[in-house]
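Visitor: Build me a model:
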Amino acid sequence: MGVAGTSCTALFYILFVLCASGACSANWLKGNQTGNLLIDASPQSGRKIPDKLFGIFFEEINHAGAGGLWAELVSNRGFEAGGQNTPSNIDPWSVIGSETYITVQTDRTSCFSRNKIALRMEVLCDDGESNTCPAGGVGIYNPGFWGMHIEQGKAYKLSLHIRSMESVNISVSLKSADGSQSLATANIAAAALDLSNWTKLELQLEAKGTNSNSILQLTTSKKGVIWFDQISLMPLDTYKGHGFRKELFSMLAGLKPRFIRFPGGCFVEGEWLRNAFRWRESIGPWEERPGHFGDVWMYWTDDGLGYFEFLQLAEDLGASPVWVVNNGVSHTDQVDTSSILPFVQDTLDSIEFARGEPDSKWGSVRAAMGHHEPFELKYIAIGNEDCGKKNYRGNYLKFYHAIKAAYPDIQLISNCDGSVTKLDHPADIYDFHIYTSANDMFSRVHQFDHTTRSSNGPKAFVSEYAVTGKDAGTGSLLAALAEAGFLIGLEMNSDVVEMASYAPLFVNVNDRRWNPDAIVFNSWQQYGTPSYWMQHFFKESSGAILHPSVLQTNSSSVIASAITWSGTEDSSSYLKIKIVNFGSDTVDLKITVSGLPNAVNPIGSTKTVLTSDGLMDENSFTEPQKVVPLQSILQNAGRDMAVTLGPHSFTSLDLALPQTVYISSI
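Guide: Numbers count the residues shown, from 1 in each chain. The predicted structure is shown next:
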């Protein structure tokens, strides 16, 4: 899934000693190393970093959304995952009771035109007859995504559609998977007249216990035929009621992302175009969304987390949406440029949905979904990793000119790398992906050193980067340190690098399709990998002022940068010095800061270090904070400081400054 990428300096900074070769990890140095870091922090010396340099990339991979950030607890809620032909597989739904008492099958009787599959349940037993139902009745149950997490005191909204020609008496319950614990119960009793047509019912279940491996169960002891469709169970306690799992949303918000790229990645393309993400199918009432099979990552999603929800997620995070659109190209098939205009119009309609006035055709659809005001959509990536495909350039140009004509302010992103060779087509930004070993990642701080500097040329978007392979494990300290060095390189070259985001963002441990990932979770737990915590060191970089720095040391495993940034809440200012020691030896570093208008305030100055005893150390559910940043008071904060860098460490020194306005010299 990638190409290559990294960066270094431009006009204002000189960086001595990076990794010139791919073998900078560790055993070259003997004993403590020494060095000097000289920083010019004068207001006039700095250069402003792009406002959106660091953000996040969300792809529906590893059940990141379905069974992850999107809080829906029922898996295959519309019974569509088995396909539109009947009979079909209803997995993970299961039947309670033997064939003597109950038969269950799918048919095409749903009231929803875009998802016609419904579940027909015929109960053959009855209380008081010769064929008496077993104790507890018969029915169906759903285990969710590897177990539903139900919490005591929390409320859950059950929505379902039901039809029957006879009266019904159905018990609804939340239970532990082993049946030993009853967490919540309710009853549905209705006359045949009330259910002769499809009817939507809603119940609120209050949990009286906690279990992270629970199921939703619908049972009855009354003979008859009942049809079910679109069964949803959502916790009421989601972020702002928008449907996002709060603890996972909080981890995203903790990164302070300036943008969010979505919904992929390969998920956008599909292995075949027929299975590509279609935004129109993912909007409107959730019951009417047909869902689709993501054939790249091989699982079904009901698209509850659709185009609208992605835009809402961006807004809730205070991040700019970066909408990745399909340009008529999948992994296997592609549309000829002569036939691409319907795909172009589809994208124009998607922009109108996001940005159109509430009385426009597609803006009115958005407004009807509860968001009257337009979203601020200003970035569109035309395709994903498609540059080498036969029809990409021809298709791209059709998209580019049509979008620019209608929305000249939108920044358009090409899939073709322009860091070495000038693009042969117009673009505002070009996409750049890099997955590689730790040594190679750390050495790539020079990636953008020789990229042509142009005031009006396209900038780089490193939208997917990560250390992969044996160096990464499932999220190692080694990977995080190499990536930290790479990001310092991007920061230094931020005159030609506009944006950057790690990939992938999420993984449900029950469906790990890619290693490593930033945030690991199951139905009830979550933790950040060292790469997740590494990104926290850069959350103040976007929009900050980058200062010239000179690193003088005989260690090829050290890299550093310096920025000044101001807090938005209290207008406090800081000089942040970031230093990666990728090597295995301790480094004694003397830091000299010149050009500060005022003295450093030792009160409020801190030192934060990310390290661990072992280079391949990882976090886990049992040790979620084994490798996390540790902050302490910076005892010797000042213009002249001595700091000892432990082996295999990432250090941030945050010097509190009296209130100062920093103005870029450009």
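Visitor: which stretches of the stretch 51-200 of the chain form strands?
Guide: In the stretch 51-200 of the chain, the segments counted as strands under DSSP state E, counting those that start in this stretch are 56-57, 94-96, 102-107, 118-123, 138-142, 148-150, 155-164, 168-176, 182-190, 199-206.
Visitor: Just the endpoints, please. Distance across stretch 487-500?
Guide: Across its full length, stretch 487-500 reaches 8 Å between end residues, using C-alpha to C-alpha, to the nearest Å.
Visitor: buried ones in it?
Guide: Residues of stretch 487-500 classed as buried by neighbour count (16 or more other C-beta atoms under 10 Å): 487-500. From N, CA and C alone the C-beta is placed, and that goes for glycine too.
Visitor: In helices, which of those fall?
Guide: L487, I488, G489, L490, E491, M492 (DSSP state H).
Visitor: Now tabulate those in a markdown table and tack on distance to P321 and pLDDT.
Guide: Putting those into a markdown table (distance: C-beta to C-beta, whole Å; pLDDT from 0 to 100) gives the following:
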| residue | distance to P321 | pLDDT |
| --- | --- | --- |
| L487 | 22 | 98 |
| I488 | 27 | 97 |
| G489 | 27 | 96 |
| L490 | 21 | 97 |
| E491 | 23 | 97 |
| M492 | 27 | 95 |
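Visitor: what's the distance between K590 and N636?
Guide: For K590, the distance to N636 equals 11 Å [C-beta to C-beta, to the nearest Å].
Visitor: isn't G265 right up against I61?
Guide: Yes: here G265 reaches I61: they are 6.6 Å apart, a contact under C-beta atoms under 8 Å.
Visitor: Spit out the residues that contact the two alike.
Guide: Common contacts of G265 and I61 (C-beta atoms under 8 Å, 6 or more residues apart in numbering): P504.
Visitor: before we move on, the earlier item: turn the buried residues of stretch 487-500 into a markdown table, columns for distance to K157.
Guide: Converted to a markdown table, those look like this (distance: C-beta to C-beta, whole Å):
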| residue | distance to K157 |
| --- | --- |
| L487 | 41 |
| I488 | 46 |
| G489 | 48 |
| L490 | 43 |
| E491 | 45 |
| M492 | 50 |
| N493 | 49 |
| S494 | 45 |
| D495 | 50 |
| V496 | 49 |
| V497 | 44 |
| E498 | 41 |
| M499 | 37 |
| A500 | 38 |
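Visitor: any idea which of those is closest to Q33?
Guide: Taking C-beta to C-beta as the measure, Q33 lies nearest I488 of these, at 18.2 Å.
Visitor: low-scoring pLDDT stretches of the stretch 451-600 of the chain, where are they?
Guide: The model of the stretch 451-600 of the chain has pLDDT under 70 over residues 568-570.
Visitor: how about the helices of it, start to end?
Guide: Applying DSSP state H, counting those that start in this stretch to the stretch 451-600 of the chain gives helices spanning 477-492, 530-536.
Visitor: Out of the ones you listed, indicate the one that is most buried.
Guide: With neighbours defined by mean count of other C-beta atoms under 10 Å, none of the helices of the stretch 451-600 of the chain is more surrounded on average than helix 477-492, at a mean of 29.
Visitor: Could you give the separation of that helix from the chain centroid?
Guide: Centroid separation for helix 477-492 versus its chain: 19 Å, with C-alpha atoms, centre = their mean, to the nearest Å.
Visitor: That helix - contacts with which helices or strands?
Guide: Helices and strands touching helix 477-492, as assessed by 3 or more C-beta pairs under 8 Å, 6 or more residues apart in numbering; DSSP states H and E, comprise helix 438-443, strand 459-467, strand 497-502, helix 530-536, strand 558-566, strand 573-581, strand 601-610, strand 649-657.
Visitor: Can I get those in CSV including distance to W146?
Guide: Output for those, formatted as CSV (distance: least, C-beta to C-beta, whole Å):
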stretch, distance to W146
helix 438-443, 31
strand 459-467, 25
strand 497-502, 25
helix 530-536, 22
strand 558-566, 41
strand 573-581, 37
strand 601-610, 31
strand 649-657, 34
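Visitor: Of these, give the one that comes closest to M298.
Guide: That would be strand 459-467 among these, by C-beta to C-beta, at 19.8 Å.
Visitor: check contacts around L341.
Guide: Counted by C-beta under 8 Å, 6+ apart, L341 has contacts K398.
Visitor: Read off the pLDDT value for it.
Guide: pLDDT for L341: 98.
Visitor: now it: how far from L412?
Guide: Noted for L341: a distance of 17 Å to L412, by C-beta to C-beta.
Visitor: which residues sit in contact with Y532?
Guide: M251, L255, G475, A518, I519 are the contacts of Y532 under C-beta under 8 Å, 6+ apart.
Visitor: Relative to S45, how far out is the nearest residue to the fourth one once chain neighbours are set aside?
Guide: Excluding its sequence neighbours, the residue lying closest to A518 (C-beta to C-beta, 6 or more residues apart in numbering) is Y532, at 4.2 Å. Distance of Y532 to S45, given as C-beta to C-beta: 32 Å.
Visitor: again, but for I579
Guide: 19 Å.
Visitor: One more: K607?
Guide: Relative to S45, and taking C-beta to C-beta, K607 is found at 24 Å.
Visitor: Perfect, I'm done here.
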